[in-house]
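S.K.: predicted model and sequence follow; I will ask about them next.
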Amino acid sequence: MMTKMKMTLISLFRGNYYGVKSIINRTFLCSLLVLATVVTQGQIPNGYYSNANGKTGSELKTALFNIIKNHTSISYDQLWTAFKSTDKKPNGKVWDMYSDNPGGTPPYEFTFVTDQCGNYSVEGDCYNREHSFPKSWFNDETPMYSDLFHLYPTDGKVNGQRSNYPYGEVSNPTWTSLNGSKLGPSSYPGYTGVVFEPIDDYKGDFARSYFYMVTRYEDKVDSWNTDMLNGTAYPAFSTWAKNMLLEWSAQDPVSQKEIDRNNVVYNQYQHNRNPFIDHPEYAQLIWGSYTPVSFTSTPITEAQVGTVYTYNITATGTNGVSLTITSTAKPSWATLTTTGNGAATLSGTPGAANVGSNGVTLTVSDGTTSASQTFTINVSPASIATTSDLPVFRVYPNPVSDVLHIEASEVKMFSVEIFDLIGKTIYTKDKIMEPVEVEMANFPKGIYMVKILANGKTYMVKVVKR
């Protein structure tokens, strides 16, 4: 957040530099204090979503409705002014998602006020006010008619071509805009009507606008008319539309553009927020295939002094929602390492002082709900041979580059296991009665532990791979 605050402060300061430069220092300092206040106000208010915690499905959707309803409604004419704050590119031009080309050169750009529609005949003539959720669907009623969370400045010609068609995906377009937006028959499973497809870079923006609309107006949406809705308050969407919008939201994650716009709408105009920008996981928790978070692996509860302990943790939860595993209690000798979404490893080597019961509590969270697992690691005294016993084996060369040799001089049979520092076994062989050659050329560089079992004793040797 500090990076964002710093960038916003710098941006605001640059925009006022020449005016500030000429005033006295006292006023200058006051101006900076005001700017800092604006930046601070740009974050999610503490406790804003508290009443949504722990909820899923229709219950979560209703909780969000109660949080964001009763917003301050602005007039349709005020949108022109609002766009100057909500939809301004870094270069000061209009941020039009129907003509923009992220990462490339847009076919044209609009200047605020100067290029405001007006009449148009071709792309690039002027920009107007696009109801991304067409107003005919809700019979031009207020406050939906001027709700900034679904209204954007867009090219007049492209807006006209889009008309009030649903959003969708098109394989064989009948018309394509200069930035690649397409009009044509739907190719998405479950719908065959005419649809409008925005470019990939902005599909998530529009999906989150739609999630907002059916949530903010939960008390009205069942009477709206479009093929994207099914005439209910929940789930509100037709199956094909729900599936497509969830995919769009996942494939095009929340951008800084959306975050900044959300903050401006909240602070300066409507005083409510789009929950699906602040918490994109809400979409899956409401409309996805919800699975309560839980641990799926069984802990290994025995460890031994001087021996590497490893517990590979796996957890499951809502599809499409990132899972985080943390430890609220664990022994000091153990380290928790996240290895993926819903996966982690608890590993470490207990010492003599750790003999006895070592408590562990792990928590998995999907950002809204969580589950915990508590268990005890029983650490037993060492049975590892002393260093005076080690000469019965030769482990060489060390460091090793290619082949590691393991030879026994005083035992008839032994077993070997080689693992890395997080406890992952990379080589194992049992009932060995002759020298062993381990090919390590393709092993990553680092430190490995060679564990040798013989005559009821455990021999541990640290080997460096270079």
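M.R.: In hand now; what should we look at?

S.K.: enumerate the beta-bridge partners assigned to the closest residue in space to residue 336 that isn't next to it in sequence.
M.R.: Closest residue in space to residue 336, ignoring its immediate chain neighbours: residue 327 at 4.7 Å, by CB to CB, 6 or more residues apart in numbering. Using the backbone N, CA and C atoms, a C-beta is placed for each residue, glycine as well. Residue 327 has these beta-bridge partners by DSSP bridges: residue 362.

S.K.: for residue 327, which residues are in contact?
M.R.: Residue 327 sits next to 336, 346, 360-363 when contact means CB atoms under 8 Å, 6 or more residues apart in numbering.

S.K.: now the buried members of those.
M.R.: The neighbour-count test (16 or more other CB atoms under 10 Å) marks 336, 346, 360, 362-363 as buried among these.

S.K.: can you tell me which of the residues you listed is nearest residue 142?
M.R.: residue 363 (44.8 Å; CB to CB).

S.K.: hmm, that closest one is touching residue 326, no?
M.R.: Yes - counting by CB atoms under 8 Å, residue 363 touches residue 326, with 5.3 Å between them.

S.K.: share the number of residues neighbouring the closest residue to residue 89 other than its chain neighbours, please.
M.R.: In space, not counting the residues next to it along the chain, residue 89 is nearest to residue 95; the distance is 4.8 Å by CB to CB, 6+ apart. Using other CB atoms under 10 Å, residue 95 has 22 other residues around it.

S.K.: check which helix or strand residue 264 maps to.
M.R.: When elements are assigned from DSSP states H and E, residue 264 belongs to helix 256-264.

S.K.: and that helix, what does it pack against?
M.R.: Packing partners of helix 256-264 (3 or more CB pairs under 8 Å, 6 or more residues apart in numbering; DSSP states H and E): helix 2-15, helix 78-86, helix 203-216, helix 275-278.

S.K.: ok, 10 Å please
M.R.: Helix 256-264 is packed against helix 2-15, helix 25-41, helix 78-86, helix 203-216, helix 275-278, with contacts defined by 3 or more CB pairs under 10 Å, 6 or more residues apart in numbering; DSSP states H and E.

S.K.: contact partners for residue 86?
M.R.: Contact analysis of residue 86 by CB atoms under 10 Å, 6 or more residues apart in numbering lists 79, 95, 148-149, 151-153, 257, 260-265, 268-269.

S.K.: quick check: it vs residue 94, distance?
M.R.: According to CB to CB, to the nearest Å, residue 86 and residue 94 sit 11 Å apart.

S.K.: residue 225 now?
M.R.: Distance from residue 225 to residue 94, by CB to CB: 31 Å.

S.K.: swap in residue 173?
M.R.: Distance from residue 173 to residue 94, by CB to CB: 25 Å.

S.K.: between these two, which is the more surrounded one?
M.R.: residue 94 (24 against 16).

S.K.: thought the more buried one was touching residue 85?
M.R.: No - under the criterion of CB atoms under 10 Å, residue 94 makes no contact with residue 85, lying 11.9 Å away.

S.K.: convert the C-alpha atoms of stretch 357-369 to PDB, please.
M.R.: Output in PDB follows, covering the C-alpha atoms of stretch 357-369 (Å, rounded to 0.1, in the frame of the first residue of the first chain):
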ATOM      1  CA  SER A 357       5.700 -32.700  23.100                       C
ATOM      2  CA  ASN A 358       5.900 -29.900  20.500                       C
ATOM      3  CA  GLY A 359       2.600 -28.300  19.700                       C
ATOM      4  CA  VAL A 360       1.600 -27.100  16.200                       C
ATOM      5  CA  THR A 361      -1.400 -25.200  15.000                       C
ATOM      6  CA  LEU A 362      -1.900 -24.600  11.300                       C
ATOM      7  CA  THR A 363      -4.600 -22.400   9.700                       C
ATOM      8  CA  VAL A 364      -5.800 -22.400   6.100                       C
ATOM      9  CA  SER A 365      -7.800 -19.400   4.800                       C
ATOM     10  CA  ASP A 366      -9.400 -18.400   1.500                       C
ATOM     11  CA  GLY A 367      -9.600 -14.800   2.600                       C
ATOM     12  CA  THR A 368     -13.100 -15.100   4.000                       C
ATOM     13  CA  THR A 369     -13.400 -18.400   5.800                       C
END
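
S.K.: identify the contacts common to residue 86 and residue 94.
M.R.: Joint contacts of residue 86 and residue 94 (CB under 10 Å, 6+ apart) are 152-153.

S.K.: need the overlap of contacts for residue 363 and residue 326.
M.R.: 370, 372.

S.K.: start and end of stretch 309-325, how far apart?
M.R.: 18 Å (CA to CA, to the nearest Å).

S.K.: try stretch 156-169
M.R.: In terms of CA to CA, the two terminal residues of stretch 156-169 are separated by 21 Å.

S.K.: buried residues, it. List them.
M.R.: 156-159, 161-162, 165-169.

S.K.: just put those in TSV and tack on pLDDT and distance to residue 443.
M.R.: Below are these laid out as TSV (pLDDT from 0 to 100; distance: CB to CB, whole Å):
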residue	pLDDT	distance to residue 443
156	95	63
157	96	61
158	96	56
159	95	59
161	95	59
162	95	57
165	97	57
166	97	55
167	98	50
168	97	50
169	97	46
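
S.K.: I'd like to know how many residues surround residue 436.
M.R.: Residue 436, neighbours per other CB under 10 Å, totals 16.

S.K.: cool, residue 337 as well?
M.R.: Residues lying near residue 337 (other CB under 10 Å) number 14.

S.K.: just say helix, strand or coil for the spatially most central residue of the chain.
M.R.: Of all residues in the chain, the one closest to the mean position by CA atoms, centre = their mean is residue 322, 6.5 Å from it. Secondary structure state of residue 322, per DSSP: H, G, I helix; E, B strand; the rest coil, is coil.

S.K.: roughly how far apart are residue 121 and residue 455?
M.R.: Counting by CB to CB - residue 121 and residue 455 are separated by 92 Å.

S.K.: who has more neighbours, these two?
M.R.: residue 455 (13 against 8).

S.K.: ok, and the closest non-adjacent residue to that one?
M.R.: residue 411 (5.9 Å).

S.K.: correct me, but residue 121 touches residue 155?
M.R.: No - when contacts are counted by CB under 10 Å, residue 121 is not listed as touching residue 155 (11.8 Å).

S.K.: and the helix holding residue 264, average pLDDT?
M.R.: Averaging pLDDT along helix 256-264 gives 96.

S.K.: cool, stretch 217-237 as well?
M.R.: Throughout stretch 217-237, pLDDT has a mean value of 96.

S.K.: low-confidence regions, the chain specifically.
M.R.: The chain contains residues with pLDDT under 70 at 1-42, 319-320, 368, 382-391, 421-423.

S.K.: how does it look with 80?
M.R.: 1-42, 289-292, 318-321, 352, 366-369, 381-392, 409-410, 420-424, 456-460 (pLDDT under 80).

S.K.: where do the domain boundaries of it fall?
M.R.: Taking automatic domain parsing as the criterion, the chain consists of the domains 1-41, 54-287, 294-380, 387-465.

S.K.: just send those domains back as JSON lines, with distance to residue 48 too.
M.R.: What follows is those, written out as JSON lines (distance: least, CB to CB, whole Å):
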{"stretch": "domain 1-41", "distance to residue 48": "12"}
{"stretch": "domain 54-287", "distance to residue 48": "7"}
{"stretch": "domain 294-380", "distance to residue 48": "14"}
{"stretch": "domain 387-465", "distance to residue 48": "39"}
